[in-house]
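Chemist: what would the 3D arrangement of this be:
(one chain, ligands or ions: 1)
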Amino acid sequence: MNFIEFESAQKLRGGFYTQPVIASFLARWVKVSKPKSILEPSCGDGAFLDAIEEARIPNLKQITACELNVEEAEKAASRTSLPVKMHRTDFLRWYLFFAQNEEGFDSVVGNPPFIRYQYLPAEQ
Ligand SMILES: C[S@@+](CC[C@H](N)C(=O)[O-])C[C@H]1O[C@@H](n2cnc3c(N)ncnc32)[C@H](O)[C@@H]1O
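Modeler: Presented below is the predicted three-dimensional model:
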């Protein structure tokens with residue numbers, strides 16, 4: 001067991017990114033369902049956004065992405081030429097309080113943060 005004060009910022013936000021080969025495999029898998037809209041709830045620097053673009057999904061109209069770390073969200077947003085609605089915020093908060101304005105998503109892709117629950121802020 002470790003204490004929060006001894007953990008790195010990277011570990012506390014679960015900032016470990018998916019290898020392109022795996023993101024690419026999953027994007028091609030999602031392509032089979034012909035999604036018009038995709039959600040990436042914790043996109044990091046955009047590994048999955050890249051893979052989705054590379055997969056050339058026909059009729060894909062909108063990607064919605066969330067990322068808590070603003071710098072990483074900026075990297076992700078500038079990494080793709082596909083239409084991305086980027087929410088630079090906590091996905092849990094956004095989903096609970098703001099996602100009701102969305103029409104829903106055909107697919108969800110990503111690799112979520114694996115964070116020890118005792119390290120999460122009380123709000124989360
Ligand atoms: C395991 S990384 C994966 C990033 C990306 N999905 C990938 O597969 O490369 C998890 C990401 O979730 C972000 N994150 C952590 N808590 C979050 C939250 N509550 N809302 C949105 N993003 C969060 C972290 O900053 C980190 O970039």
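Chemist: dump the residue contacts of the residue lying closest to Gly15 once chain neighbours are set aside.
Modeler: Distance criterion C-beta to C-beta, 6 or more residues apart in numbering; nearest residue to Gly15, sequence neighbours excluded, is Gly44 at 6.6 Å. C-beta: built from backbone N, CA, C; applies to glycine. Neighbouring residues of Gly44 by C-beta atoms under 8 Å, 6 or more residues apart in numbering: Gly15, Tyr17, Thr18, Glu67, Asn69, Glu72, Ala76.
Chemist: list the buried residues of the helix ranked longest in the chain.
Modeler: When the chain is parsed with DSSP state H, its longest helix is helix 20-31. Of the residues in helix 20-31, Ala23, Ser24, Leu26, Ala27, Val30, Lys31 count as buried by neighbour count, 16 or more other C-beta atoms under 10 Å.
Chemist: make TSV from those residues and add distance to Ser81 and pLDDT to it.
Modeler: Compiled in TSV, the buried residues of helix 20-31 are given as follows (distance: C-beta to C-beta, whole Å; pLDDT from 0 to 100):
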residue	distance to Ser81	pLDDT
Ala23	17	98
Ser24	17	98
Leu26	20	98
Ala27	15	98
Val30	19	97
Lys31	17	98
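Chemist: the residues you listed into a markdown table, with extra columns for distance to the ligand?
Modeler: A markdown table is the format used below for these (distance: C-beta to the nearest ligand atom, whole Å):
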| residue | distance to the ligand |
| --- | --- |
| Ala23 | 6 |
| Ser24 | 12 |
| Leu26 | 9 |
| Ala27 | 11 |
| Val30 | 13 |
| Lys31 | 17 |
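Chemist: shaky segments in the protein?
Modeler: For the chain, no stretch is flagged by pLDDT under 70.
Chemist: what does it put close to the ligand?
Modeler: Residues of the chain lying near the ligand by C-beta under 6 Å from any ligand atom: 13-18, 42-44, 47-48, 66-69, 72, 90-92, 110-111, 113.
Chemist: ok, now with 5 Å
Modeler: 13-18, 42, 44, 47, 66, 68-69, 90-91, 110-111, 113 (C-beta under 5 Å from any ligand atom).
Chemist: give me the buried subset of those.
Modeler: So, by 16+ other C-beta under 10 Å, the buried ones in these are 13-15, 18, 42, 44, 47, 66, 68-69, 90-91, 110-111, 113.
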